[in-house]
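Peer 1: Just need the structure, nothing else, for what follows:
(chains A and B)
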Amino acid sequence: KAGVTQTPRYLIKTRGQQVTLSCSPISGHRSVSWYQQTPGQGLQFLFEYFSETQRNKGNFPGRFSGRQFSNSRSEMNVSTLELGDSALYLCASSLHGQVLYEQYFGPGTRLTVT
Amino acid sequence: GQQVMQIPQYQHVQEGEDFTTYCNSSTTLSNIQWYKQRPGGHPVFLIQLVKSGEVKKQKRLTFQFGEAKKNSSLHITATQTTDVGTYFCAGARMDSNYQLIWGAGTKLIIKP
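Peer 2: The predicted structure is shown next:
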């Protein structure tokens, strides 16, 4: 079974630009969660999508948005990039939801904002 | 606000020594998950604990969930270089709206 894939793996953007990251979950998994990871902040939860609906959202500004498609693939968008958005963005898929089911993480997209 | 406190932030051990990380929640948890992230890697699921007082073992790793379901620990016996990484706990509140609350992680460092 193929694992969680994320594209692109690395990205360099300029402040003020926007970016879209993609995540393909494990086949059959209906839940996709997104996390931001920075060296000093650990794993910060962004949002979770389940069957195309956002089920939960962390404490991030509205510049961070996401969506999930009918095939469970998910995208995350960050508009008006700031220097502080530089981080590793991880997505994780689970069978039915992050709370009761183990999450499988992708390799992440490392975003650098200059 | 809802928090899961994880301590210590770092632990330096000699190879062969034991390692323990603790997670404490201000509210009762329905379950807790543990993940390991190797340097340069992504988090990998280790285990989930659901029952009060539950103890689970995976070879040299022992996981415990407190009787009150507010705390949990991971203990590694006789650490090896392959144990290096950051260990995260993630708990779900009893009244959770499907969201896990993550600890900040404990980084295990093996002294040369």
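Peer 1: ok, now which ones touch B:Q58?
Peer 2: Neighbouring residues of B:Q58 by CB atoms under 8 Å, 6 or more residues apart in numbering or on different chains: B:L46, B:I47. Bear in mind the C-beta positions are built from the backbone N, C-alpha and C, glycine included.
Peer 1: Can you give me the pLDDT of it?
Peer 2: Looking at B:Q58, its pLDDT stands at 97.
Peer 1: what sits opposite it in the beta ladder?
Peer 2: B:L61 (DSSP bridges).
Peer 1: And A:V19, by the same measure?
Peer 2: With DSSP bridges as the rule, A:V19 is bridged to A:V78.
Peer 1: Point out the residues in chain A that sit beside chain B.
Peer 2: A:42-45, A:48, A:50, A:55-56, A:58, A:90, A:92, A:97-100, A:102-108 (CB under 8 Å from any CB of the partner chain).
Peer 1: where does chain B come near chain A, residue by residue?
Peer 2: Residues of chain B lying near chain A (CB under 8 Å from any CB): B:30-31, B:33, B:35, B:42-45, B:48, B:88, B:92, B:96-100, B:102-105.
Peer 1: Quick one, which of the residues of chain A next to chain B are buried?
Peer 2: Buried members of the residues of chain A next to chain B, counted by 16 or more other CB atoms under 10 Å in any protein chain shown: A:42-43, A:45, A:48, A:50, A:55-56, A:90, A:92, A:97-100, A:103-108.
Peer 1: give me the number of residues near the closest residue to A:C91 other than its chain neighbours?
Peer 2: Nearest non-adjacent residue to A:C91, counting by CB to CB, 6 or more residues apart in numbering or on different chains: A:C23, 3.5 Å away. A:C23 has 27 neighbouring residues, counting by other CB atoms under 10 Å in any protein chain shown.
Peer 1: Show the contacting residues for A:C23.
Peer 2: A:V4, A:T5, A:Q6, A:V32, A:W34, A:R73, A:S74, A:E75, A:M76, A:C91, A:S93, A:G106.
Peer 1: if we take those residues, which one ends up nearest to chain B?
Peer 2: A:G106 (6.6 Å; CB to the nearest CB).
Peer 1: what's the closest one in contact with, if anything?
Peer 2: Counted by CB under 8 Å, 6+ apart, A:G106 has contacts A:G3, A:V4, A:T5, A:Q6, A:C23, A:L90, A:C91, A:A92, A:S93, B:H42.
Peer 1: Got the phi and psi for it?
Peer 2: phi -80, psi 180 (degrees, to the nearest 10).
Peer 1: and the gap between it and A:Q68?
Peer 2: 15 Å (CB to CB, to the nearest Å).
Peer 1: before we move on, what about B:Q48?
Peer 2: Applying CB to CB to B:Q48 and A:Q68 gives a distance of 24 Å.
Peer 1: Over to A:T7?
Peer 2: 16 Å.
Peer 1: for B:G53, same thing?
Peer 2: B:G53 is 37 Å from A:Q68, by CB to CB.
Peer 1: So which of the two has more stuff around it?
Peer 2: Counted by other CB under 10 Å, B:G53 and A:Q68 do not tie: A:Q68 has more neighbours, with 23 against 11.
Peer 1: I figured that one hits A:R55, correct?
Peer 2: No. Contact criterion CB atoms under 8 Å: A:Q68 and A:R55 do not qualify, at 9.9 Å.
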